[in-house]
Each structure stands twice: as C-alpha cells, then as structure tokens.
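Visitor: Here is the input, now give the coordinates:
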Amino acid sequence: MPKDPSTVGIAPGDGLIARFGAVVVYLAGETSSTDRILGAIEAVADGEHPGAAIVQRLAAVVFGSGSEPPPFGVVAPTGDGTVILLRGAVSAEIQGAEGTRRLAGARAFTWVDEIVREPVRQISVGADTALPLTTHPRSNLRDGVVPGGGFVFRVAVRKTAKSARPASVAQQSTAGDEPPPTAPAGMAALSESDTQSSHDARASAEIGTRAGPLAWSETSDATRPTTPSRPQPVALDKVPAHDGARPRRVRTTGSAPAPLGPATGALVFEDGAAYPLDRPYVIGRSPTSDDSVRTAAASPIAVPRDRHVSRVHAYVSLERGKVYIRDASTPAGTFIAAPGAGQWTRVGTAPIELPPGWSVRIGERIATHHVEDRRKDATEISGERRRP
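Guide: Here you go, the predicted structure:
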C-alpha cells in the first residue's frame, strides 16, 4: 500500500476509526453491516485515486443489504480532489485557505457526498454533537482499525524550499526537452560582458494554449509554428554588497520573450521571489508544456511539488500598463484578494485585472502585485520584502 505522509489524529469515543492508505473512515457504531463496509473500502483503497470506486462499492452495501448501516464518514482521494462521504448523524469540518465550512450527513435521506477541489489543510469527521473534535496530540493512525469518536485528517503539503543560489538554476543543463523556469528577479542579472549573446526570440504577446480541465491532463493540441524557438532563462547572479550603493537594474540577457517595456512593478511571492512585470507569464507545475512558453510568447513560473497546482494553472498578461490574470480551467482554481481582505475571489478563464497591491493565490503559493516608485526595480522590491 502506498505510503501517505498525511496524519490522522484520533478523538476519544465509542465508534471506530479505520485507515487504509490515504482513505480514512469513521463509523459511529457497530452493526451487521460494519464488516461489509470496511471490507468494501479496503478492497479498493490500494488504487491511486480510489474515491470513485469506494462510492460505488458502498452504494451496493448500504442500499443493497437488508440491515441498517451505522452512521459513517469517509475521506478518500479522487482524480481531481478529495471526496467526503457522510451518512446519518455525522458531520465534517473542512479547513482551507478560505476558512472553515461544514457538511452534515443528516441533510439527505441517503448520504451527502462532495468532491473538495480547493486547497485543504485538514478535514475533521465525527458525530454531529462532537465537532469541533479534540484529538490526542500524539495520536496518528497509520493503518488499521481503532476505537474512537472521530478523526482529524491533516493533509501533508510539501512546500517549495527556498533556493540559496538562484544563479545556479540558469547554469545547470536542462533535463529532457523542458527548459528551467525563469529565475526570480530578486537577484541582479549578469552583465552582458559576462554572458554569451543568444538569439532574441520574437513571438506574439498573446497567450496561446489553455490547459486541460484536469490537473494531470495534457494541454490541448494547437497549431504550432513550424520553427518554434526555445525560451532561455534569465541569467541571474547575486547582487554584490555595496555600502549605500544602488543595486544594478535587472536586465534580461538574451532571454525570451523580450520585455514589452520597462517593468512597472513585480509579482512578489511570500518567499521573496520577484518576477518583473514586463512580459507575460505562465504559472503551473510544468508551465513549459504550454505553447506560449515553447514559442517564446511568455516566460514560465514553476510551482513544483504542490498537488493543488495544475501543469498549466494560470496566465499573467499585460495591456496598457495593467496586469491581468486568468485561470486555465483548473480544478483547484485561481483566486485574487484585495489588500487586507479576508475573502478570496475565484477568477475565471477570462482575463481579470490584478490591481497594484492585490494578491493572487495559486495552490498554497501567494504572490502580490507590488508596485513601487518607477525608479525602483524588481531587485529593490524583492530586497524590501526580505527585510524583517
């Protein structure tokens, strides 16, 4: 059975808690259907995305047998999210980036099921009267069946580690056919005398291909130029220390696409990585698979190791000094928020303006449209964000 790094805390109680890989089950009691319910789930829990198969098998057990099953709740991964299935007096609390919301199995005569596609931090399942749950701080069910009154499923999210030397990314050879993503603009570019001149790719600033509707799907086939040019990453180096001296302005050295004009600001992530807003971008786990990057119409921003981020997740475009963002039909979605706002608004596939000071959330990553005095460049912006 594949190892799952997520944790399952157990709350005290008279029911049963079972875990089979990434599938977690709560049963409020024991009846003659208990063994059949657990057996139906365990039989398909080894699959990569067992959620749909579990729902089908449970339907046969619950509605095809003569005995009344106990109230229960199931959390299982699906191909495009996490399915939560509740029957009877069982509820679930879902905590994510947008806050906490609650589902109740008693709302339906049969059961309540929902596929949760937004980023989730933890899911609590227990009796209606038991929520919010208090679990033992050292409890973590890894496999099997134990007594309990509910569980708290904490999703393990692998965050991208900060890079100590961004310049090394541009110097390493690229594996396969995909070039490395554009390095953060928080470091100054190498002078032109330090790097070899490269071919300046010319392409349309319009973004071409949209991602498929699912996170694991390939992007749709589109008509491609007969002689596409591969984008080159921005060659970067650390800014040398100067007492009171102004850092050098960030310049691209033969990178593609060519800047559309002087950067009016930067897209600054929480870890301090900054991308100058002088060109279009494609954001995702594998943005170089998009045709607009392959044809040098946009630069890539990679967000690796985040299961909520699609291969091609969002597009950033510029028009008349304004910044626009649009989603690539992703299951998890792309969200924006005003400065200081507690609510996030999901954007669609049509471009919507990202005003200065507003933030965009993609998976677990948040970037802000940072605009300073025009005399400041992206390097200075990034440096200010890093100061404590």
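Visitor: Could you list the buried residues of stretch 80-98?
Guide: For stretch 80-98, the neighbour count (16 or more other CB atoms under 10 Å) marks 80-88, 90-98 as buried. Where you see a C-beta, it was placed from the backbone N, CA and C, and this is true even at glycine.
Visitor: out of those residues, which are inside strands?
Guide: Members of those lying in strands (criterion: DSSP state E): 81-87, 90-96.
Visitor: Between which two of these is the distance greatest?
Guide: Of all pairs drawn from these, the greatest distance, 23.2 Å, lies between 87 and 96 (CB to CB).
Visitor: Against residue 54, how distant is the nearest residue to residue 50 once chain neighbours are set aside?
Guide: Leaving aside its chain neighbours, residue 50 sits nearest to residue 44 (4.9 Å; criterion: CB to CB, 6 or more residues apart in numbering). To residue 54, residue 44 is 6 Å away according to CB to CB, to the nearest Å.
Visitor: those strands in the stretch 251-388 of the chain, which residues are they?
Guide: 266-269, 274-276, 281-284, 299-302, 314-319, 322-327, 334-337, 345-347, 352-353, 359-362, 365-370 (DSSP state E, counting those that start in this stretch).
Visitor: just the stretch 51-200 of the chain next, same as before
Guide: 72-78, 81-87, 90-96, 99-104, 112-116, 120-127, 144-154.
Visitor: Tabulate those (JSON lines), appending mean pLDDT and distance to residue 8.
Guide: As requested, these are exported to JSON lines (pLDDT from 0 to 100; distance: least, CB to CB, whole Å):
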{"stretch": "strand 72-78", "mean pLDDT": "94", "distance to residue 8": "9"}
{"stretch": "strand 81-87", "mean pLDDT": "92", "distance to residue 8": "14"}
{"stretch": "strand 90-96", "mean pLDDT": "91", "distance to residue 8": "14"}
{"stretch": "strand 99-104", "mean pLDDT": "89", "distance to residue 8": "18"}
{"stretch": "strand 112-116", "mean pLDDT": "89", "distance to residue 8": "17"}
{"stretch": "strand 120-127", "mean pLDDT": "92", "distance to residue 8": "10"}
{"stretch": "strand 144-154", "mean pLDDT": "93", "distance to residue 8": "5"}
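Visitor: Identify whichever of those strands lies nearest to residue 341.
Guide: Per CB to CB, nearest to residue 341 of these: strand 99-104, 12.5 Å.
Visitor: by contact count, what packs against that closest one?
Guide: If you count contacts as 3 or more CB pairs under 8 Å, 6 or more residues apart in numbering; DSSP states H and E, strand 99-104 packs onto strand 81-87, strand 90-96, strand 112-116.
Visitor: that older thread, between residue 44 and residue 54, who's got more neighbours?
Guide: residue 54 (25 against 17; other CB atoms under 10 Å).
Visitor: Show the contacting residues for the more buried one.
Guide: 23, 40-41, 44-45, 74, 76, 83, 85 (CB atoms under 8 Å, 6 or more residues apart in numbering).
Visitor: Model confidence score at it, please.
Guide: For residue 54, the model assigns a pLDDT of 93.
Visitor: what's the answer for residue 319, then?
Guide: As predicted, residue 319 sits at a pLDDT of 89.
Visitor: Quick check: the gap between it and residue 292.
Guide: From residue 319 to residue 292 the distance is 15 Å (CB to CB).
Visitor: What of residue 17?
Guide: Taking CB to CB, one finds residue 17 at 48 Å from residue 292.
Visitor: Which stretch among the strands of the stretch 251-388 of the chain approaches residue 70 most closely?
Guide: strand 345-347 (36.8 Å).
Visitor: which other helices and strands contact the closest one?
Guide: Helices and strands touching strand 345-347, by 3+ CB pairs under 8 Å, 6+ apart, are strand 322-327, strand 334-337.
Visitor: Could you export those as JSON lines, including mean pLDDT and distance to residue 276?
Guide: Below are these laid out as JSON lines (pLDDT from 0 to 100; distance: least, CB to CB, whole Å):
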{"stretch": "strand 322-327", "mean pLDDT": "94", "distance to residue 276": "11"}
{"stretch": "strand 334-337", "mean pLDDT": "94", "distance to residue 276": "20"}
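Visitor: closest one to residue 7 among these?
Guide: Judging the helices and strands packed on strand 345-347 by CB to CB, what sits closest to residue 7 is strand 334-337, at 26.2 Å.
Visitor: the more surrounded of residue 17 and residue 292?
Guide: A direct count of neighbours by other CB under 10 Å for residue 17 and residue 292 places residue 292 higher, at 28 against 25.
Visitor: if we can go back for a sec, TSV for the strands of the stretch 251-388 of the chain, including mean neighbour count?
Guide: Listed next are those as TSV, based on neighbours: other CB atoms under 10 Å:
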stretch	mean neighbour count
strand 266-269	26
strand 274-276	27
strand 281-284	28
strand 299-302	24
strand 314-319	22
strand 322-327	20
strand 334-337	21
strand 345-347	15
strand 352-353	13
strand 359-362	23
strand 365-370	22
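Visitor: Mind putting those into TSV with distance to residue 107?
Guide: Listed next are the strands of the stretch 251-388 of the chain as TSV, based on distance: least, CB to CB, whole Å:
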stretch	distance to residue 107
strand 266-269	39
strand 274-276	45
strand 281-284	36
strand 299-302	41
strand 314-319	34
strand 322-327	30
strand 334-337	27
strand 345-347	24
strand 352-353	34
strand 359-362	29
strand 365-370	33
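Visitor: Right, I'll leave it there.
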